[in-house]
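**Q** Below is the sequence, then the predicted model.
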Amino acid sequence: MEVTGYKYTNEQDAIDAREQVDTYYGIPVTPDDVTQNWVDYNTANLDNPIFYYITFDDSLRIVLGEPITFEVTTPPFE
Amino acid sequence: MPKTAAPAASLLLDTYSGAAAAYSLRLLRTAYSGNCIRVRRSSDNAEQDFGFVANVLDTASLLTFCGVGNGFVTTWYDQSGNANNGTQTTAANQPQIVSSGALLTVNSKTCISFDGSNDSFNLASTITAAASNYQSFVGKRDASARRLYALATGIATAGYQLALWNTNKYYLQAKTTQYEVSTATDATTAQLLLTGLNNAGTQSMFKNGSTITSSAVSLSLTLSITAIGFYNNASLMAYCKLQEIVFYNNDQSANRTGIESDINTFYTIY
């Protein structure tokens, strides 16, 4: 599957990117909120080596910059 | 926003009690005193709970809260009494209910919209499907070849799902070694009431009260239900609108027509 977004080779970089976005958007607004992150990262665990990625959304461009396009291996339904 | 005075009429789960999980935008059980949904508004990301007025979601308060902006559901509360709420802690993954100050609706009733990209809810606790189980849900996809489903597993090694898949075939995975798949395709984009039941190994699917002709296919799966709108992988997200989900972890085949009739009376689907 082709994904447009942000690709990271180690998980900590993905976590750091997530925190950058949270800081920019002020999430969470209060500690009791359900919403704890603006965006989350996915793990491409069927790829070798495994990598981590955040799917592009327009709100991310101002924080994470221009996205790239890459392939993620996905399982069949059946 | 607490629930306000509910009329005495019997509700779905009053008549057909014992649901393991139940999510709706109408009140399903007279004794349920909790909220319907929790919403994050786009203007400042503030959140608020919303209950029921006259047995349906308090949409007036919801629209006031959202103003001219958007509203996204952070929590879809479980009305079964088991507190197995569906929550989404990531803003980008929260399904939408208000768009530019207007309710999202299907057939004139409020719906929750899943974007097919990353929207889903995680259940507070995993439901391990019993040998006999039952699900009905009301939903719609706006184009064929999209994924219409509600409860599902969220991990790669498990499989519970009742779906109209992007292959335009219906699937029911409700037994540890098999799933049902419809023999015909269906490109419908209409609002649907789908029911899947497994009565100790006999699986059946129903669309708007009528049997979906299907066949069983062997597949080795462990059954657990962990999410709404998320099946197995981020590439297989629900792309549909949902209004109601009821799941029983026991045999309800004798009550199927009654449950479906109650749902259809409210939603006027068929």
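**A** Here it is on my side, so go on. Residues are numbered from 1 along each chain as shown, chains lettered A, B, ... in the order given.

**Q** Outside of the helix or strand of chain A with the lowest mean pLDDT itself, which residues are in contact with it?
**A** For chain A, using mean pLDDT, DSSP states H and E, the weakest element among its helices and strands is strand A:42-44, scoring a mean of 90. Residues outside strand A:42-44 that contact it (Cβ atoms under 8 Å, 6 or more residues apart in numbering or on different chains) are A:Glu11, A:Ile50, A:Phe51, A:Tyr52, A:Tyr53, A:Ile54, A:Thr55, A:Val72, A:Thr73, B:Ala234. Bear in mind the C-beta positions are built from the backbone N, C-alpha and C, glycine included.

**Q** In helices, which of these appear?
**A** A:Glu11 (DSSP state H).

**Q** For B:Ala22, state which of the contacts of strand A:42-44 is nearest.
**A** Nearest to B:Ala22 among these: B:Ala234, at 26.7 Å, using Cβ to Cβ.

**Q** for that closest one, what are its contacts?
**A** By Cβ under 8 Å, 6+ apart, B:Ala234 lies in contact with A:Asn42, A:Thr55, A:Thr74, B:Asn118.

**Q** Specify the local secondary structure of B:Thr64.
**A** Taken by DSSP: H, G, I helix; E, B strand; the rest coil, the conformation at B:Thr64 corresponds to helix.

**Q** could you pull out the helices for chain A?
**A** Using DSSP H, the helices found in chain A span residues A:11-25, A:61-64.

**Q** buried residues in the strand ranked longest in chain A?
**A** The single longest strand within chain A, with elements called by DSSP state E, is strand A:2-8. Using 16 or more other Cβ atoms under 10 Å in any protein chain shown as the test for burial, strand A:2-8 gives A:Val3, A:Gly5, A:Tyr6, A:Lys7, A:Tyr8.

**Q** same check, this time on stretch B:108-126
**A** Buried, per 16+ other Cβ under 10 Å, within stretch B:108-126: B:109-116, B:118-123, B:126.

**Q** Now that stretch: average pLDDT?
**A** On average, the pLDDT along stretch B:108-126 is 95.

**Q** low-confidence ranges in the stretch 1-150 of chain B?
**A** B:1-8 (pLDDT under 70).

**Q** now chain A
**A** A:75-78.

**Q** which residues does the residue positioned nearest the centre of it contact?
**A** Nearest to the mean C-alpha position of chain A, by Cα atoms, centre = their mean, lies A:Ile54 at 2.1 Å. Going by Cβ under 8 Å, 6+ apart, A:Ile54 touches A:Gly5, A:Tyr6, A:Tyr8, A:Ala14, A:Ala17, A:Arg18, A:Val39, A:Asp40, A:Tyr41, A:Asn42, A:Leu60, A:Leu64.
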